[in-house]
Structure formats: structure tokens, C-alpha cells
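**Student:** Fold the following.
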Amino acid sequence: MADIAELKKDLWSKMSDSPFVMIGLMDGGHSIPLTAQLDKDQVDTLFFFVGKDNRLAKGGPAMAQFVSRGHDYFACLAGAARVDNDFAMIDKLWSRYVEAWFPGGKDDPNLALLRFDIDSAELWETDMSVSGALKMLFGGKINGSEEGSHVVVGTTAES
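**Tutor:** Model prediction:
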């Protein structure tokens with residue numbers, strides 16, 4: 001069983017490797033897939049480049065779900081989304097991948113930087129023991145110490 005600090009560290013490591021999330025406002029609408037832009041200097045914050053006409057641009061309470069590339073780490077993140085068109089942050093996070101979506105560049109009239117501030121998170125890591133994996137493979141019952149790690153946290157900061 002991993003400790004809380006390790007689970008938080010793993011979240012940011014896994015998101016760096018595969019920054020794709022489903023995110024939606026808690027207004028009853030469906031979530032949409034977006035690529036999270038990560039900034040090491042911003043704790044508990046994800047950024048997304050979206051169009052001003054994107055349904056998330058109106059902001060509000062939101063949730064994001066993340067599944068790691070190896071399907072061994074899962075996160076449900078709750079917080080608030082809002083447009084924050086800080087040009088310094090747009091410049092810092094800009095890449096050729098983003099530019100592919102916004103042909104007008106950083107000055108594209110439809111460009112909006114969506115900021116998602118995380119208020120709480122639920123994290124799961126399937127760090128199943130060898131005995132747990134063997135039991136699962138052969139249909140045995142897995143006990144709690146063999147199934148992995150789970151934690152609910154108020155911050156995803158590593159410290």
C-alpha cells in the first residue's frame with residue numbers, strides 16, 4: 001500500500017506521461033476529452049486551451065477524470081473551472097500541438113485558457129501484490145492488502 005505522498009507524486013508523474021482527461025462542468029452536461037497543460041509552479045491546477053465557444057468556457061464547479069496510460073492509476077478531481085487568459089501563462093504553456101488547434105496563434109480570437117483549480121481528489125493506484133495478481137488470475141479472493149492503494153485528499157500537492 002503506497003502512502004499518500006507517493007500517490008500524489010504518482011498522479012503528477014502519470015499525468016505528465018499522458019495528460020489526457022475527461023472534464024465537465026457539474027451542470028448536468030457531459031464531460032469532454034481535453035489535454036491538460038501542466039505547470040510545475042501551479043499546485044492543484046490544470047490548464048486547458050479551449051475555444052471561447054467551448055461549453056466549458058462559461059466556468060463553474062467541475063470534475064475531471066484521469067486514467068493513466070498503463071491503466072494502473074485513476075483519479076477523480078473536483079474543483080472549479082474558469083477562463084484565465086493570463087498571457088504570460090498562455091506563452092509559458094504554448095506548444096506546436098496547441099497551435100495546431102488555434103491557427104491564429106496566441107492571438108487567435110477564439111483562444112481561451114481554461115484554468116481548473118482542484119479542491120479535492122480521489123486517487124487509486126493498482127499496485128497489486130504478486131499474490132493478489134495470482135489470486136485474480138486464478139479466480140481467488142483478493143483481500144484488502146493485495147488490491148492496491150486508495151485515498152481521498154484535499155490537495156494534490158506532494159508535500
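**Student:** Tell me where the longest helix sits in the protein.
**Tutor:** Secondary structure of the chain per DSSP state H: the longest helix is helix 4-17.
**Student:** now for that one, which elements pack on it?
**Tutor:** strand 60-67, strand 73-83, strand 111-125, strand 149-153 (3 or more C-beta pairs under 8 Å, 6 or more residues apart in numbering; DSSP states H and E). Bear in mind the C-beta positions are built from the backbone N, C-alpha and C, glycine included.
**Student:** okay, those strands in CSV with mean pLDDT and distance to residue 8 next?
**Tutor:** Output for the helices and strands packed on helix 4-17, formatted as CSV (pLDDT from 0 to 100; distance: least, C-beta to C-beta, whole Å):
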stretch, mean pLDDT, distance to residue 8
strand 60-67, 97, 13
strand 73-83, 95, 10
strand 111-125, 94, 7
strand 149-153, 61, 7
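**Student:** Throw these into TSV and include mean neighbour count and distance to residue 6, thanks.
**Tutor:** Formatted as TSV, the helices and strands packed on helix 4-17 follow (neighbours: other C-beta atoms under 10 Å; distance: least, C-beta to C-beta, whole Å):
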stretch	mean neighbour count	distance to residue 6
strand 60-67	17	17
strand 73-83	19	11
strand 111-125	19	8
strand 149-153	15	8
